[in-house]
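Chemist: okay, sequence plus prediction incoming.
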Amino acid sequence: MNLREKAHFSILRLIEDRPEISQRELAGELGVSLGKTHYLLKALLDKGLVKMGNFRRHDNKLAYVYKLTPSGIAAKLNLTRDFLQHKEAEYLALHREIAELREELAAKVGVERT
């Protein structure tokens, strides 16, 4: 999973959980600039994965609400599957590395004692 896919996955998850989230809030959650967030969100809108609608906030300002389309839901499912496989592979690799380091440490400690 590349960086763009990870960002799209994060945006789709956030929008599904909080449809009224602003681009500024998305940027904060993603840890990227507002411009980058706009670019990523526009790509999802252009692909038809997200729809945008207007609503009025309680402070009488016009705001947007985002909604995943059926294609967006399917894409999020595929990205979730890919993300999970990637994280599981990372976990297994890290688990092996930890085991190797423990063996290496145990061998070195055993050598130093003799």
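Modeler: Structure received.
Chemist: which stretch of helix or strand covers the closest residue in space to residue 29 that isn't next to it in sequence?
Modeler: Setting aside the residues directly before and after it, residue 29 is nearest to residue 14 in space (CB to CB, 6 or more residues apart in numbering), at 5.7 Å. (Each C-beta comes from the backbone N, C-alpha and C, glycine too.) Following DSSP states H and E, the helix or strand that holds residue 14 is helix 3-17.
Chemist: just the residues contacting that helix, thanks.
Modeler: If you take CB atoms under 8 Å, 6 or more residues apart in numbering as the criterion, helix 3-17 is touched by 1, 21, 26, 29-30, 32, 37, 40-41, 43-44, 49-50, 66-68, 72, 75-76, 79-80, 82-83.
Chemist: and the angle from the longest helix belonging to the chain to helix 3-17?
Modeler: Criterion DSSP state H: the longest helix present in the chain is helix 70-113. Using axes from the mean of the first three to the mean of the last three CA atoms, to 10 degrees, one finds that helix 70-113 and helix 3-17 are set 120 degrees apart in direction.
Chemist: pLDDT of helix 70-113, averaged?
Modeler: Confidence over helix 70-113 (mean pLDDT, whole number) is 93.
Chemist: and it, what other elements does it pack with?
Modeler: For helix 70-113, the contact count by 3 or more CB pairs under 8 Å, 6 or more residues apart in numbering; DSSP states H and E identifies helix 3-17 as packing neighbours.
Chemist: helix, strand, or coil at residue 21?
Modeler: Under DSSP: H, G, I helix; E, B strand; the rest coil, the three-state class of residue 21 is coil.
Chemist: spit out the contact partners of it.
Modeler: With contacts defined as CB under 8 Å, 6+ apart, the neighbours of residue 21 are 14, 15, 29, 66.
Chemist: confidence score at the second one?
Modeler: To tie it back to what came earlier, the one meant is residue 15. Confidence at residue 15, expressed as pLDDT, is 95.
Chemist: many thanks, have a good one.
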